[in-house]
Every structure is written in C-alpha cells, then in structure tokens.
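S.K.: return atomic coordinates for the entry below.
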Amino acid sequence: MTGLMTQPPVTAATSTIGRTWPIAEPDALSEIESRAAHVPDMKAAFGPRERWSAMQPATLGIARDDRRRTVVPFYTLDQDIRLPSGKLLYAKGYSFNPLAYVTLPQRLIVVHPSDLAWALRTARPADFILLAAGGLSQTADAHADAITLGERHGRALFLLEERVKARLGLTVAPVIVAQAGQKLVLTEVVMAPSLRRAAR
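M.R.: Coordinates of the predicted model:
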C-alpha cells in the first residue's frame, strides 16, 4: 500500500495523428471588440436619447380609483392565412382569443417613471415592467429614459407601445395586467404619495 502512494505521477505523451492546419478564423471575442470599437456614437449621430422617437412611450393618465376589470384580447386577421398548397386556412376578418391557446407566464406592470420604485418592489422576477409617459414628476426617475433607469436599477425595463396600450384598453397607470383563464385582469392601483419614494 505504501509503495502505491509513493509512485511518481504518471504523464502521458501526446501525439498528432493526421495532418493539422493553423486556425484560420479570427478569435470571436477579438472580432466583437474590434467591431464594437467602430460603432458610431449614437448621441452624436442622433442627439440625446430622450428625443428619439423610438424612446417615446404611450401616454396614460393617473389612476384615481382602485379598480379591477377584465379584457378579452380578441385578434382579428387583417389578411387571409393560406397553406403552402394555397388552400384557405383562415379568412381575413376571422377573430380569435390568443389566450385560448397560450398562457402568459408573467404579469405586465405598467407604471409612470415616478412610480418605478413601487413597481420594482411589486414585480416578481419574471414580470415585465413597462414605462408609460405622463404621470407626476416628483422623483429622480421621472425624467430618465428606460435604458438609463434599467441600468440604474439593474433590471430590464420596457416602454409601453401605443399598439399594446390600444390592444389592452389601458387608460391609466399604475396597472397590473395578469392572465386569468382566457381573460386578462387589469388591476388599476391608486398610488399613495408615500409609495412614490425613489428606489434605492
């Protein structure tokens, strides 16, 4: 037993079988760094981010009452859907409820930037936080854009688009949108001033 424990470490020789060639492809990380170094300065090219049209969220009013309502997000086809053979599958004008076929694993929490601290405390890890325009401007977060706020708070934030606002029938914020069976439940929340403190 002692003899086994005192044996020198075993090393294996390596050998090459067949022809070899040097690697021709550039290192992926070096290529990414090289291309990133040549990306134009967006601020210089397009001006401040707060003026970009893509950074303008839809506007919502301020919730004045705690209210709960439901929406069925029917979708109506704006064109015919045909199989590759040309056979008509669904005609233009056909309406259906997508929630009959899919389940949303997360909630949408729609807030004005001034209510972001509340949204960050309320949101579950999988929830999406969407920022709307309008609201009050009493906090440091109220005038920052979604990218800046996301970096500041370490969480992805999204802008409320006009089409989402229209599709869900949103009128005020804060509102929590969650699926319940084949409907969406919209819970509008009145925000007490004490809950509007800036997130740390």
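
S.K.: alpha carbons only for contacts and neighbour counts from here, please
M.R.: Fine.

S.K.: ok, the residue lying closest to residue 100 once chain neighbours are set aside - contacts?
M.R.: Of all residues not flanking residue 100 in the chain, residue 182 sits nearest, at 5.6 Å (CA to CA, 6 or more residues apart in numbering). Contact analysis of residue 182 by CA atoms under 8 Å, 6 or more residues apart in numbering lists 72, 97, 99, 100.

S.K.: so what's the residue count around the closest residue to residue 60 other than its chain neighbours?
M.R.: In space, and not counting its chain neighbours, residue 60 is closest to residue 172: 4.8 Å by CA to CA, 6+ apart. For residue 172, the tally of surrounding residues (other CA atoms under 10 Å) stands at 23.

S.K.: residue 172 and residue 58: what is the separation?
M.R.: 11 Å (CA to CA, to the nearest Å).

S.K.: how about residue 164?
M.R.: Distance of residue 164 to residue 58, given as CA to CA: 9 Å.

S.K.: more crowded one of the two?
M.R.: Applying other CA under 10 Å to residue 164 and residue 58 shows that residue 58 carries more neighbours, namely 18 against 12.

S.K.: list phi and psi for the more buried one.
M.R.: phi -70, psi 150 (degrees, to the nearest 10).

S.K.: relative to residue 147, how far out is residue 37?
M.R.: Distance of residue 37 to residue 147, computed by CA to CA: 21 Å.

S.K.: once you drop chain neighbours, what's closest to residue 76?
M.R.: residue 95 (4.2 Å).

S.K.: now do the strands in this structure.
M.R.: Applying DSSP state E to the chain gives strands spanning 61-62, 67-71, 75-76, 81-82, 88-90, 95-96, 108-111, 128-131, 158-159, 172-173, 175-180, 183-188.

S.K.: separation between the residue nearest to residue 100 and residue 105?
M.R.: From residue 182 across to residue 105, the span is 13 Å (CA to CA).

S.K.: for residue 149, same thing?
M.R.: 24 Å.

S.K.: neighbour count winner among these two?
M.R.: A count of neighbours by other CA under 10 Å puts residue 149 above the other of residue 149 and residue 105, at 19 against 9.

S.K.: do you know the pLDDT at the more buried one?
M.R.: Note on residue 149: pLDDT of 82.

S.K.: now do the one 10 residues further on
M.R.: Model confidence at residue 159, given as pLDDT, is 90.

S.K.: who does it form a beta bridge with?
M.R.: Residue 159 forms beta bridges with residue 131, as assigned by DSSP bridges.

S.K.: any idea how many residues pack against it?
M.R.: 21.

S.K.: surely it and residue 145 touch.
M.R.: No: with contact defined as CA atoms under 8 Å, residue 159 does not count as touching residue 145 (9.2 Å).

S.K.: with adjacent residues omitted, what lies nearest to the spatially most central residue of the chain?
M.R.: Nearest residue to the geometric centre of the chain (CA atoms, centre = their mean): residue 158, 5.2 Å. Residue nearest to residue 158 in three dimensions, not counting chain neighbours: residue 130, with 4.6 Å by CA to CA, 6+ apart.
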